[in-house]
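Asks: Output the structure for:
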Amino acid sequence: MPGGRLTQQERQQIALGLADSLPYAEIARRLGRPTSTITREVMRNGGPTAYRADLAHRATQGRAHRRRPTSARGPESVPQPHGRDTEAVGVYQERLTTVFMVSGLPKMPARVLACLYTTDAGSLTASELAQRLQVSPASISKAITFLANLDLVRRERDERRRERYIVDDDLWYQSMIRSARSNDQLVEIARQGGAVLGPHTPAADRLENVARFLDFVSESLLRAAEQAREILYTKTETASGDTATPPRP
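Replies: You can find the predicted model right below:
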């Protein structure tokens, strides 16, 4: 039934849908389930290429048996400001985590990023993250290192000399710039193929087309990121009046 736990038969239908290369939304429609439920189920159990209904069902039963009688304190149990519905915030954070995972982030970095984005301050310490997510400080440290390498979080020391992990408006811009510039090496090595494989040969032409495509996309992405940054910051300044965010360097 919608909202209940997935049955073994439903998991078999999910496996069949994945084998037929059906999108998550179509599998969800056939089962009468939310798309987020199917996405979460698949990503939690090996991803679309490794999902197996029997293993997924046993894993879910194992997690249920290991669960303590009293609910583990997680993001949903943190008192919420502004009259927010605590359960709704927890559900949304889980959905956001799933989307980050589908976008390519491993599970723990995705959980950390979702946790940071759903706090008003946009920053938490390692101990606060560990407490909210009910994981070890070592897991938080590895996740933060992964996210920092992608420019998706930044680190700062607060007045108590504690390291805080922060998400802000500029991080997506920095991440997009990093992504665009990471194509430069691909463009260069693709163009070197012309000299190695011989100019105007099919292989060299193919690599030149790759180089041109990536070059064009990178340039377009850089321009779009700069324009979006300028427009969005301008909107923020207009809407906030005297408390406008100063321009980024």
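Asks: What residues of the lowest-mean-pLDDT helix or strand in the chain count as buried?
Replies: In the chain, the helix or strand scored least confidently by mean pLDDT, DSSP states H and E is helix 53-66, which has a mean of 74. Buried positions in helix 53-66, judged by neighbour count with 16 or more other C-beta atoms under 10 Å: 53, 56-57, 60. C-beta: built from backbone N, CA, C; applies to glycine.
Asks: Could you pull out the strands in the protein for me?
Replies: Taking DSSP state E, the strands of the chain run over residues 123-125, 154-157, 163-166.
Asks: At the geometric centre of the protein, which residue do we find?
Replies: Centre of the chain computed as the mean C-alpha position; nearest residue by C-alpha atoms, centre = their mean is Phe100, 2.0 Å away.
Asks: Could you measure from that one over to Ile166?
Replies: According to C-beta to C-beta, to the nearest Å, Phe100 stands 17 Å off from Ile166.
Asks: for Thr145, same thing?
Replies: 15 Å.
Asks: In terms of packing, which of these two has more residues around it?
Replies: Between Thr145 and Ile166, Ile166 has the larger neighbour count (other C-beta atoms under 10 Å), namely 14 against 11.
Asks: ok, that one touching Arg157?
Replies: No - when contacts are counted by C-beta atoms under 8 Å, Ile166 is not listed as touching Arg157 (11.1 Å).
Asks: How confident was the prediction at Ala239?
Replies: If you check Ala239, the pLDDT there is 40.
Asks: related to what we said a few turns ago, quick one: closest of the strands of the chain to Phe213.
Replies: Nearest to Phe213 among the strands of the chain is strand 154-157 (31.6 Å), distances taken as C-beta to C-beta.
Asks: quick check: mean pLDDT across the closest one?
Replies: If you average the pLDDT over strand 154-157, you get 88.
Asks: buried residues in that strand?
Replies: Going by neighbour count (16+ other C-beta under 10 Å), the buried part of strand 154-157 is Arg154.
Asks: Name the strands paired with it and say parallel or antiparallel.
Replies: Pairing partners of strand 154-157, with direction, according to DSSP bridges: strand 163-166 (antiparallel).
Asks: Can I get the partner strand in CSV, CA atoms only?
Replies: Presented in CSV, the C-alpha positions along strand 163-166 are these (Å, rounded to 0.1, in the frame of the first residue of the first chain):
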residue,chain,number,x,y,z
GLU,A,163,36.1,24.1,12.8
ARG,A,164,32.7,24.8,11.2
TYR,A,165,31.5,23.5,7.8
ILE,A,166,29.6,26.0,5.8
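Asks: care to break this structure down by domain?
Replies: For the chain, automatic domain parsing gives the domain ranges 8-66, 77-167, 170-243.
Asks: Report all helices and strands that the helix ranked longest in the chain contacts.
Replies: Criterion DSSP state H: the longest helix present in the chain is helix 202-240. Secondary-structure packing of helix 202-240 (3 or more C-beta pairs under 8 Å, 6 or more residues apart in numbering; DSSP states H and E): helix 169-181, helix 183-197.
Asks: Pick the most deeply packed of those.
Replies: With neighbours defined as mean count of other C-beta atoms under 10 Å, those peak in mean count at helix 169-181, which reaches a mean of 16.
Asks: Show me the shaky parts of this protein.
Replies: 1-3, 63-79, 233-249 (pLDDT under 70).
Asks: at 50 instead, please
Replies: Residues of the chain that meet the criterion pLDDT under 50 lie in 1, 68-76, 235-249.
Asks: Tabulate the helices and strands packed on helix 202-240 (a markdown table), appending distance to Val135.
Replies: Below are the helices and strands packed on helix 202-240 laid out as a markdown table (distance: least, C-beta to C-beta, whole Å):
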| stretch | distance to Val135 |
| --- | --- |
| helix 169-181 | 22 |
| helix 183-197 | 34 |
